[in-house]
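Student: model this:
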Amino acid sequence: MAGMPRLSLAEWTVLALLDERPSHGFAIAGITAVGGEVGRIWQIPRPVIYRSLTRLAQYHLIEADGVEPGHGPQRTRYVVTPAGSDGVREWLASPVQHIRDVRSHLLVKLALLHRRDIDFQPLLARQRAALEPIASGLSTDEPEATGFDTVLLAWRRATTNATMAFLDDLTTEHSGASHGH
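Tutor: Numbers count the residues shown, from 1 in each chain. Reported below is the predicted structural model:
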């Protein structure tokens, strides 16, 4: 994503939610709270939402678009700029590079794609291709591990195998089903 600033998962999530439709921080906090649609996967505390909005505005990925009418505190509504929208589309299509990021980054992307009714099979195929070299590297004969390295190697192999099985299950489960675009 050339030209895009380096964003945290919280910032990408906030940007992607705003890309769905203009909104304010309080509404995004509800979606990413413990009981929220995205929050059931990965929660973002309200202060982090507001810091993310500030940073995204500084990067010109979002801009203020007025204040929501109503009682209570003023709620600034934000819209995504064309650069922000382009960045979201590219980010949502990009596989994660590490097994450890599947639980957070990939699941959030899959949830956001589902919210948009976008077929996530292309992302799953790219994800499998990105992680295949890692899986292959762990399954080759390595020198005998000793001490804690034995534990670490067993953990890496188990999580890698589970991740690849998860990707295979999703691909098998959803192949042939129609998913939006």
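
Student: CA atoms for contacts and neighbours, from now on please.
Tutor: OK.

Student: mind checking how far residue 90 is from residue 12?
Tutor: 11 Å (CA to CA, to the nearest Å).

Student: Compare these two (neighbour count), which wins?
Tutor: Neighbour totals were compared for residue 90 and residue 12, and residue 12 leads with 22 against 11 (other CA atoms under 10 Å).

Student: Run a quick neighbour tally on the closest residue to residue 126 other than its chain neighbours.
Tutor: With sequence-adjacent residues excluded and distances taken as CA to CA, 6 or more residues apart in numbering, residue 126 is closest to residue 95, at 6.0 Å. Around residue 95 there are 22 other residues, counting by other CA under 10 Å.

Student: pLDDT wise, what is residue 95 at?
Tutor: What the model reports as pLDDT for residue 95 is 97.

Student: That one touches residue 106, doesn't it?
Tutor: Yes. Contact status for residue 95 versus residue 106: in contact at 7.3 Å, counting by CA atoms under 8 Å.

Student: gap between residue 87 and residue 99?
Tutor: 23 Å.

Student: Please work out how many residues are found near the residue nearest to residue 116 when sequence neighbours are not counted.
Tutor: Among residues not flanking residue 116 along the chain, residue 20 sits closest, at 7.4 Å (CA to CA, 6+ apart). Residues near residue 20, counting by other CA under 10 Å, number 14.

Student: From residue 47, how far off is residue 20?
Tutor: For residue 20 relative to residue 47 (CA to CA), the value is 21 Å.

Student: Strands of this structure, residue ranges please.
Tutor: Secondary structure of the chain by DSSP state E: the strands cover 23-24, 62-68, 75-80.

Student: Rebuild those as TSV, extending it with distance to residue 161 and mean neighbour count.
Tutor: Shown next, in TSV, are the strands of the chain (distance: least, CA to CA, whole Å; neighbours: other CA atoms under 10 Å):
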stretch	distance to residue 161	mean neighbour count
strand 23-24	39	23
strand 62-68	39	16
strand 75-80	38	20
